[in-house]
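Asks: sequence and computational prediction follow.
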Amino acid sequence: MSDKTRVLFVCVANAARSQLAEALLRHTDPEHFEAFSAGTAPSAIDPNTYEVLQHLGVSTEGLRSKAIDEFAGERFEYVITLCDKSASECHALPGAGEVMAWDFEDPVTSDRPNAFRHTLHEIHERIKLFVLAKTRR
């Protein structure tokens, strides 16, 4: 059993935001955290997700779209939802320690230029703060 803090990121499709968060947390602090992601209605990972992560030099190895049911019965210290819809669907996830709701615009449906880069940057900044707050002894 690992002594790392287990974190599950959840959004609806598990196609962009939760995948970005999973990869970024693994990249930012693999020593203290184990990161996972899932969707309440998973679909294929958007190719732009891979592109922005690789542009930043973040590994995309092992990323795949997963249903939240795949983690049934598993324990997570933190479950972090990344959109309002998943927050309302995941408020009673068994095995969840602290549930946090972060709300980020879905870059897949956004009409903003460089939406994926903006979302990547916003999630990365939040993850850096999360790591800082949760690893202070």
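Replies: Structure's in. What do you need? Residues are numbered from 1 along each chain as shown.

Asks: please count neighbours and contacts with C-alpha atoms only from this point.
Replies: Fine.

Asks: that's a strand at Phe36, yeah?
Replies: Yes. Assessed with DSSP: H, G, I helix; E, B strand; the rest coil, Phe36 lies in a strand.

Asks: with adjacent residues omitted, what lies nearest to it?
Replies: Leu8 (4.7 Å; C-alpha to C-alpha, 6 or more residues apart in numbering).

Asks: elements contacting the host helix or strand of that neighbour?
Replies: Using DSSP states H and E, Leu8 maps to strand 5-11. Counting contacts by 3 or more C-alpha pairs under 8 Å, 6 or more residues apart in numbering; DSSP states H and E, strand 5-11 packs against helix 17-28, strand 33-39, strand 76-81, helix 84-89.

Asks: what does it rub up against?
Replies: 17-19, 21-22, 32-40, 68, 75-83, 85-87 (C-alpha atoms under 8 Å, 6 or more residues apart in numbering).

Asks: using neighbour counts, trim those residues to the buried set.
Replies: Buried positions within the contacts of strand 5-11, assessed by neighbour count (16 or more other C-alpha atoms under 10 Å), are 17-19, 21-22, 32-40, 68, 75-76, 78-83, 86-87.

Asks: buried stuff in the longest helix seen in the chain?
Replies: If you go by DSSP state H, the chain has its longest helix at helix 115-135. The neighbour-count check on helix 115-135 (16+ other C-alpha under 10 Å) flags Ala115, Phe116, Arg117, Thr119, Leu120, His121, Ile123, His124, Ile127 as buried.
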